[in-house]
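J.: Using only what follows, build the 3D model:
(one chain, ligands or ions: 4)
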Amino acid sequence: MPLVTTREMFKKAAEGKYAIGAFNVNNMEIIQGIVEAAKEEQAPLILQVSAGARKYAKHIYLIKLVEAALEDSGDLPIALHLDHGEDFEICKACIDGGFTSVMIDGSRLPFEENIALTKKVVEYAHERGVVVEAELGKLAGIEDNVKVAEHEAAFTDPDQAAEFVERTGVDSLAVAIGTSHGAYKFKGDPRLDFERLQKIVEKLPKDFPIVLHGASTVLPEFVEMCNKYGGNIPGAKGVPEDMLRKAAELGVRKINIDTDLRLAMTAAIRKHLYEHPDHFDPRQYLKDGRDAIKEMVKHKLRNVLGCAGKAPEILEEIKKNRG
Ligand SMILES: O=C(CO)COP(=O)(O)O
Ligand SMILES: O=C[C@H](O)COP(=O)(O)O
Ligand SMILES: [Zn+2]
Ligand SMILES: [Zn+2]
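T.: Residues are numbered from 1 along each chain as shown. Ligands and ions are numbered 1, 2, ... in the order given. As a prediction, the model looks like this:
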């Protein structure tokens with residue numbers, strides 16, 4: 001099965017009111033852990049690559065690893081997506097280089113400039129059968145080492161969202177409703193602006209796919225494991241699972257997860273090295289990291305995103321459209 005776009009995934013997810021997991025990938029063990037989980041759960045997948053990932057692993061290695069995953073996974077619908085593309089050039093490089101979906105993140109720009117940049121990417125992408133995600137509103141937190149302070153973060157305006165989608169022709173939209181990137185999402189009690197989300201859904205075309213960034217739950221078991229085995233990440237806190245379920249119920253179709261992968265892998269490796277100070281074969285501890293990712297992703301697919309078992313209906317939709 002070749003790479004697919006997110007079109008059929010989002011259509012079926014809207015019908016069934018579930019979300020597709022978009023997992024950030026940076027190396028072989030992360031990809032293998034995620035894909036193994038999706039295979040066992042028969043779930044659709046979005047594998048996403050950031051500029052930082054391309055810098056770390058190189059575009060060609062990531063593409064080849066994802067190609068290997070496709071072959072190894074049998075008949076799973078998998079999309080390869082550029083996460084937070086900051087300019088036309090990186091989007092073009094990924095479109096030309098085999099990605100089926102790109103994000104142009106013009107959220108830092110004034111409204112009109114964000115529209116112009118997004119339109120330019122949409123035009124280039126659509127001509128080549130690639131779908132585009134854009135972003136409106138600013139998330140607090142760290143993105144590619146750029147720290148957006150809380151007071152600079154700005155929630156998405158529902159009217160602007162409708163105008164933005166109409167004028168750009170974009171395929172999905174990332175919104176800011178209170179999530180943020182990284183492991184420290186809330187100082188006090190977690191809170192998302194669901195009223196705003198509902199208004200955005202009402203103003204957008206029916207079933208328009210909404211994307212939630214910064215959606216890791218920061219699982220306490222991994223935070224505790226990190227801290228127990230030599231780590232120091234006190235006070236890490238993520239988006240509670242029931243809030244993500246509610247977001248999917250309301251219209252969020254893509255849920256972005258990176259921090260939870262990082263935490264799972266690091267916690268398992270810390271534990272392994274602590275318990276086996278004599279080990280120095282990377283395969284021994286990387287295997288534990290990969291296993292931890294697999295179990296965590298299975299839990300997400302089944303209990304949070306609701307997309308376990310949905311691969312067949314998406315494949316059927318893809319075949320129907322290819323006629
Ligand atoms: O939004 C993300 C990638 O674009 C990841 O968010 P987290 O930091 O919550 O995992
Ligand atoms: O949006 C942030 C993602 O977690 C990607 O992070 P990164 O830019 O460090 O790869
Ligand atoms: Zn952004
Ligand atoms: Zn993001």
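
J.: residues in contact with Gly235?
T.: Contacts for Gly235 (C-beta atoms under 8 Å, 6 or more residues apart in numbering) come out as Tyr184. C-betas here are computed from N, CA, C, even on glycine.

J.: and if you look at the one 5 residues further on?
T.: Taking C-beta under 8 Å, 6+ apart as the criterion, Pro240 is in contact with Pro190, Thr217.

J.: Find me the pLDDT at it, would you?
T.: On the pLDDT scale, Pro240 is placed at 98.

J.: Quickly find the element holding whichever residue of the stretch 1-150 of the chain sits closest to ligand 1.
T.: Using C-beta to the nearest ligand atom, the single residue of the stretch 1-150 of the chain nearest to ligand 1 is Asp83, 4.6 Å away. Assigned by DSSP states H and E, Asp83 belongs to strand 78-85.

J.: Now Val175. Its backbone dihedrals?
T.: Per-residue torsions, Val175: phi -120, psi 160 (degrees, to the nearest 10).

J.: gap between it and Gln160?
T.: Using C-beta to C-beta, to the nearest Å, Val175 is found at 10 Å from Gln160.

J.: Comparing those two, which residue is more hemmed in?
T.: Neighbour totals were compared for Val175 and Gln160, and Val175 leads with 28 against 16 (other C-beta atoms under 10 Å).

J.: so that one bridges to which residues?
T.: Leu136 (DSSP bridges).

J.: Quick one, grab the pLDDT at it.
T.: pLDDT for Val175: 98.

J.: What's the local residue count around the residue of the stretch 1-150 of the chain closest to ligand 1?
T.: Neighbourhood size, Asp83 [other C-beta under 10 Å]: 27.

J.: just checking, what packs against the host helix or strand of Ile200?
T.: Here Ile200, judged by DSSP H and E, is contained in helix 194-203. Packing contacts for helix 194-203, counted by 3 or more C-beta pairs under 8 Å, 6 or more residues apart in numbering; DSSP states H and E, involve helix 158-168, strand 210-212, helix 241-250.

J.: Redo these as a markdown table? Include distance to Met1.
T.: Converted to a markdown table, the helices and strands packed on helix 194-203 look like this (distance: least, C-beta to C-beta, whole Å):
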| stretch | distance to Met1 |
| --- | --- |
| helix 158-168 | 30 |
| strand 210-212 | 24 |
| helix 241-250 | 25 |
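
J.: Any buried residues in stretch 8-22, and which?
T.: Buried residues in stretch 8-22, counted by 16 or more other C-beta atoms under 10 Å: Glu8, Met9, Phe10, Lys11, Lys12, Ala13, Tyr18, Ala19, Ile20, Gly21, Ala22.

J.: show me which of those residues neighbour ligand 2.
T.: Among those, proximity to ligand 2 is found for none (C-beta under 6 Å from any ligand atom).

J.: Please identify which of those residues is nearest to Lys203.
T.: Closest to Lys203 out of the buried residues of stretch 8-22 is Phe10 (17.9 Å), distances taken as C-beta to C-beta.

J.: Excluding sequence neighbours, find me the nearest residue to the closest one.
T.: Nearest non-adjacent residue to Phe10, counting by C-beta to C-beta, 6 or more residues apart in numbering: Pro209, 4.1 Å away.

J.: separation between the one you found and Ala57?
T.: With C-beta to C-beta as the criterion, Pro209 and Ala57 are 28 Å apart.

J.: Which one of these two is surrounded by more residues?
T.: Using other C-beta under 10 Å as the criterion, Pro209 and Ala57 rank with Pro209 on top: 24 against 19.

J.: wait, what's in contact with Val25?
T.: Residues near Val25 by C-beta under 8 Å, 6+ apart: Ile31, Ile34, Leu47, Gln48, Val49, Ala53, Leu62, Leu65, Val66.

J.: backbone phi and psi for it, please?
T.: Torsion angles, degrees, to the nearest 10, at Val25: phi -120, psi 140.

J.: what does the one 3 residues further on give?
T.: Main-chain torsions, Met28, degrees, to the nearest 10: phi -60, psi -40.

J.: what number of residues lie near the nearest residue to it once chain neighbours are set aside?
T.: The spatial neighbour of Met28 that comes closest, neighbours along the chain excluded (C-beta to C-beta, 6+ apart), is Leu65 at 5.6 Å. By the criterion of other C-beta under 10 Å, Leu65 has 20 neighbours.
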